[in-house]
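J.: here is the input, now give the coordinates:
(2 chains)
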There are 2 protein chains.
Amino acid sequence: MADREHIQLAHGGGGQLMGELIEQVILPALSCAEGPALSCAEGPALSCAEGPAPGGQQPGRLTDAAVLAAGGGRIAFTTDSYVVKPLEFPGGDIGKLAICGTVNDLAVAGAQPIAISMGLVIPEGMEIALLRRLLASAGLAARQAGVAVVTGDTKVIERGSLDALVINTCGIGRLSERAKLGFDCLQAGDRVLLSGPLGEHGLAVMSLREHLGFSAELKSDCAAIHCMAGELVEELGPQVRFMRDPTRGGLAATLVSIAESAGRSIEIDESAIPVNRTALAAAEMLGLDLLTVANEGKLVAVVAAEAAEQARAILARHEIARRAAVIGTIGQETAPPLVEMVTSIGGRRIVQMPYGEELPRIC
Amino acid sequence: MADREHIQLAHGGGGQLMGELIEQVILPALSCAEGPALSCAEGPALSCAEGPAPGGQQPGRLTDAAVLAAGGGRIAFTTDSYVVKPLEFPGGDIGKLAICGTVNDLAVAGAQPIAISMGLVIPEGMEIALLRRLLASAGLAARQAGVAVVTGDTKVIERGSLDALVINTCGIGRLSERAKLGFDCLQAGDRVLLSGPLGEHGLAVMSLREHLGFSAELKSDCAAIHCMAGELVEELGPQVRFMRDPTRGGLAATLVSIAESAGRSIEIDESAIPVNRTALAAAEMLGLDLLTVANEGKLVAVVAAEAAEQARAILARHEIARRAAVIGTIGQETAPPLVEMVTSIGGRRIVQMPYGEELPRIC
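T.: The predicted structure is shown next:
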């Protein structure tokens, strides 16, 4: 019987158990349903009632970034902590990941990044040369993405109490006026696009960890996707219904989450999903389902049917999305909403939310 | 001989060694002196050259929050990771600390908080009841401060690789139009104010850790200071020259940092510094200098001489600052700029930047 009194690794896996933790423990505590108790005359610029507090979001409908009113426009605000082990892997490292992951969370909210913060929690005894490499990689990724790291914090934890670097990045982005994204925007017949082959990030990390010997061929897809996401939104406007990057829990968690939040079934076509053959081989050796493995440079977008081909072409203009494909269709409102995959041999399979973390510390 | 190749605890202590790490390792890596390599047509809303990137700040002149243009106004953006052990202590816990600390970093930048993010890194095996308590405390502190926690992230680290909860909070605040704060604003004759007695946070945590038995009398001063900071700025405008909360490294690190950044000497009067007698006794038992112990609900403000008494009265309107006092005076520009304390018995002592971390994991 599962231990319900203590945190399990699966609580961090992006699956069902993590959803329960967020809905049952985190959101109720941080909710501000009763409104804030303003403690000073000036008061806050945004009261709880107006703001998109977690407590104000319906469980299961959480998005990657909060949207706030600021000045004349809207800004997106997001946070992510990175705990990947090993710290360096083929195609990236924790520094690059920490920049790309937060840029991407802004991107799928329809925002272009303005500024990033970086909080470092460093284990005592860490080699400074390694820290320099990781930070140089983060700096390069930020410059390539056109975003500045504007504020930071540094903590050191004593030897034996932390085994590897933890990086938190927060991002602020400016929301496009053309972005009209949300679960409520989905319509039956909308198409689901995926920007490229699955699982390369998670499997590159796992292959290194398990000494599988794929390192030469299998590289993390870690990359910033804000350019292609931004172009989708600018060129297609409200025809883009929803975007998400399929990180922890992979494509499976992303699609199930969309289906449940929108209350609509989704059908995907296995033969349409772009696959990297080395990743597929690695997944098979590790006994993993490619649909549940984490990615960090991929985009899932739901767009109006009539804009699907144009959306695919916009994505495919980018080197990292040459193999972008239309992989599925949004269905009617149903209960329960299911994600079904038509397999390559014509069968049908229910795609389930992964329970927890097959791959700990992957991002 | 000190090991220069590996991270030491003192690198996280808010003192001299941490300054070197930030200036020599972190800032150069994240600097964008060469400008960002914009990778997409839309481009970022704020280019590196315009933004207050760490690389654009002069070493030693780092402030608690970055200031960004957004819409018609200015917003402040800050981040802090909390690693305090034990997680609960008299007067507070890591949840309350994580909210107050980030609210305070915004406050001393002259901003009122709009929104906070919370990134949790949880050790596998943590008792869920404890996590609930800590999050409830964070939620309460946020409501009391009138700020909403709007976005979050949850990671779990496997057993044995992390020994306690790590919380990162980022904050966005709206900068007051009345705030004209900066090291350059300091003038000879400006007065230094301190909002209350020193060291209560650090010593409450240390007393518990060392089983000193002061727990009943000694409580952390952990509190949000944005109300009094906001009133100072609104009522006194540019007569408020600079504000900072004396956390890691205590009052000593705060004053030395101000002196070095402004290039001006500072003289403080020991007999004017408010002292909690229990805290003093605890510091003596632990062999610590009260000036270097961390606080989390205190404000150091530099104000024009003619506004000093009014500033003190504004602070003293608040329960947490009943004992606010004028403790010193800003001097002429000098090299090297020194902080000198006139002791209670009329002697003079140089106040130095603490080297590193006498008190690890205190905040």
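
J.: hey, let's count contacts and neighbours off CA atoms from now on
T.: OK.

J.: for the stretch 101-250 of chain A, which segments are assigned as strands?
T.: Chain-ordered strands for the stretch 101-250 of chain A, with DSSP state E, counting those that start in this stretch as the definition, fall at A:111-123, A:148-157, A:166-175, A:191-194, A:240-244.

J.: nearest to A:Ser31, of those?
T.: A:Ser31 sits nearest to strand A:166-175 of all those, at 20.4 Å, using C-alpha to C-alpha.

J.: between the helix-or-strand element of chain A with minimal mean pLDDT and strand B:111-123, how big is the angle?
T.: The weakest-scoring helix or strand in chain A, judged by mean pLDDT, DSSP states H and E, is strand A:66-70 (a mean of 85). An angle of 170 degrees separates the directions of strand A:66-70 and strand B:111-123 when computed by axes from the mean of the first three to the mean of the last three C-alpha atoms, to 10 degrees.

J.: buried residues in the next helix or strand after strand A:66-70?
T.: On the C-terminal side of strand A:66-70, the nearest following helix or strand under DSSP states H and E is strand A:73-82. When neighbours are counted by 16 or more other C-alpha atoms under 10 Å in any protein chain shown, the buried residues of strand A:73-82 are found to be A:Arg74, A:Ile75, A:Ala76, A:Phe77, A:Thr78, A:Thr79, A:Asp80, A:Ser81, A:Tyr82.

J.: which residues sit in contact with the closest residue in space to the second one that isn't next to it in sequence?
T.: By that I understand A:Ile75. What sits nearest to A:Ile75 in space, not counting adjacent residues and going by C-alpha to C-alpha, 6 or more residues apart in numbering or on different chains, is A:Arg174, at 4.6 Å. If a contact means C-alpha atoms under 8 Å, 6 or more residues apart in numbering or on different chains, then A:Arg174 has A:Gly73, A:Arg74, A:Ile75, A:Ala76, A:Ala111, A:Gln112, A:Pro113, A:Ile114, B:Ala45 as its contacts.

J.: again, but for A:Thr154
T.: By C-alpha under 8 Å, 6+ apart, A:Thr154 lies in contact with A:Gly119, A:Leu120, A:Val121, A:Ile122, B:Gly12, B:Asp80, B:Ser81.

J.: which of those tops the neighbour count?
T.: Counting by other C-alpha atoms under 10 Å in any protein chain shown, B:Gly12 has the largest number of neighbours within the contacts of A:Thr154, with 30 neighbours.

J.: secondary structure element for A:Gln332?
T.: Secondary structure here is read from DSSP H and E; on that basis A:Gln332 sits in strand A:325-333.

J.: give me the sheet partners of that strand and which way each runs.
T.: For strand A:325-333, sheet partners with direction are given as strand A:191-194 (antiparallel), strand A:264-269 (antiparallel), following DSSP bridges.

J.: picking that back up, mean pLDDT and distance to A:Arg133 for the strands of the stretch 101-250 of chain A - can I get that in CSV?
T.: Conversion of the strands of the stretch 101-250 of chain A to CSV gives the following (pLDDT from 0 to 100; distance: least, C-alpha to C-alpha, whole Å):
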stretch, mean pLDDT, distance to A:Arg133
strand A:111-123, 96, 14
strand A:148-157, 94, 16
strand A:166-175, 96, 14
strand A:191-194, 98, 32
strand A:240-244, 98, 30
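
J.: from B:Ile345, how far out is the residue nearest to A:Ile75?
T.: Taking C-alpha to C-alpha, to the nearest Å as the measure, A:Arg174 and B:Ile345 are separated by 57 Å.

J.: check A:Ser195 too.
T.: Between A:Ser195 and B:Ile345 the distance, using C-alpha to C-alpha, works out to 73 Å.

J.: repeat for A:Pro274
T.: Remark: distance between A:Pro274 and B:Ile345 (C-alpha to C-alpha) = 78 Å.

J.: if you count what's nearby, which of those two comes out ahead?
T.: Neighbours per residue, other C-alpha under 10 Å: of A:Pro274 and B:Ile345, the larger number sits with A:Pro274, 17 against 8.

J.: what's near enough to touch that one?
T.: For A:Pro274, the contact set (C-alpha under 8 Å, 6+ apart) comprises A:Gly196, A:Pro197, A:Leu198, A:Arg323, A:Ala324, A:Ala325.

J.: hmm, try it at 7 Å
T.: Contacts for A:Pro274 were tallied using C-alpha atoms under 7 Å, 6 or more residues apart in numbering or on different chains; they are A:Gly196, A:Pro197, A:Arg323.

J.: contact partners for A:Gln187?
T.: Counting by C-alpha under 7 Å, 6+ apart, A:Gln187 makes contact with A:Ile330.

J.: biggest helix in chain A, by residue count?
T.: Ranked by residue count, the top helix of chain A under DSSP state H comes out as helix A:128-145.

J.: buried residues in that one?
T.: Taking 16+ other C-alpha under 10 Å as the basis for neighbour counts, the residues of helix A:128-145 that come out buried are A:128, A:131-145.

J.: tell me how far the strand holding A:Gln332 lies from the chain's centre.
T.: Relative to the centre of its chain, strand A:325-333 is centred 20 Å away, using C-alpha atoms, centre = their mean, to the nearest Å.

J.: got it, and stretch A:138-156?
T.: Counting by C-alpha atoms, centre = their mean, stretch A:138-156 is centred 19 Å from the centre of its parent chain.

J.: same deal with stretch A:334-346?
T.: 22 Å.

J.: how about stretch A:97-104?
T.: Its chain's C-alpha centre and that of stretch A:97-104 lie 9 Å apart, by C-alpha atoms, centre = their mean.

J.: how about stretch A:231-242?
T.: On the basis of C-alpha atoms, centre = their mean, stretch A:231-242 is displaced by 19 Å from the centre of the chain it belongs to.

J.: list the buried residues of it.
T.: A:Glu231, A:Leu232, A:Val233, A:Glu234, A:Leu236, A:Gly237, A:Pro238, A:Gln239, A:Val240, A:Arg241, A:Phe242.

J.: return the member of those nearest to chain B.
T.: Proximity of those to chain B, judged by C-alpha to the nearest C-alpha, is greatest for A:Glu231, which lies at 7.7 Å.

J.: where does that closest one land on pLDDT?
T.: We have a pLDDT of 98 for A:Glu231.

J.: follow-up on the earlier one: is the least confident helix or strand of chain A positioned near chain B?
T.: Yes. For strand A:66-70 and chain B, the contact criterion (C-alpha under 7 Å from any C-alpha of the partner chain) is met by A:Ala66, A:Ala70.

J.: name the helices or strands packed onto that strand?
T.: The elements that strand A:66-70 packs onto, with contact taken as 3 or more C-alpha pairs under 7 Å, 6 or more residues apart in numbering or on different chains; DSSP states H and E, are strand A:73-82.

J.: how far is the helix or strand that the strand it packs on is followed by from where the chain is centred?
T.: Under the assignment DSSP H and E, the closest C-terminal helix or strand after strand A:73-82 is strand A:88-89. Taking C-alpha atoms, centre = their mean, one finds the center of strand A:88-89 at 19 Å from the center of the full chain.

J.: tell me which stretches of the stretch 251-363 of chain A form helices.
T.: A:277-286, A:308-316 (DSSP state H, counting those that start in this stretch).

J.: contacting residues around the last one?
T.: Put plainly, it is helix A:308-316. Counting by C-alpha under 7 Å, 6+ apart, helix A:308-316 makes contact with A:Arg191, A:Ser195, A:Met228, A:Leu232, A:Ala321, A:Arg322, A:Arg323, A:Ala324, A:Ala325, all of which sit outside it.

J.: let me know the angle separating that helix from strand A:240-244.
T.: In terms of direction (the same axes, to 10 degrees), helix A:308-316 departs from strand A:240-244 by 40 degrees.
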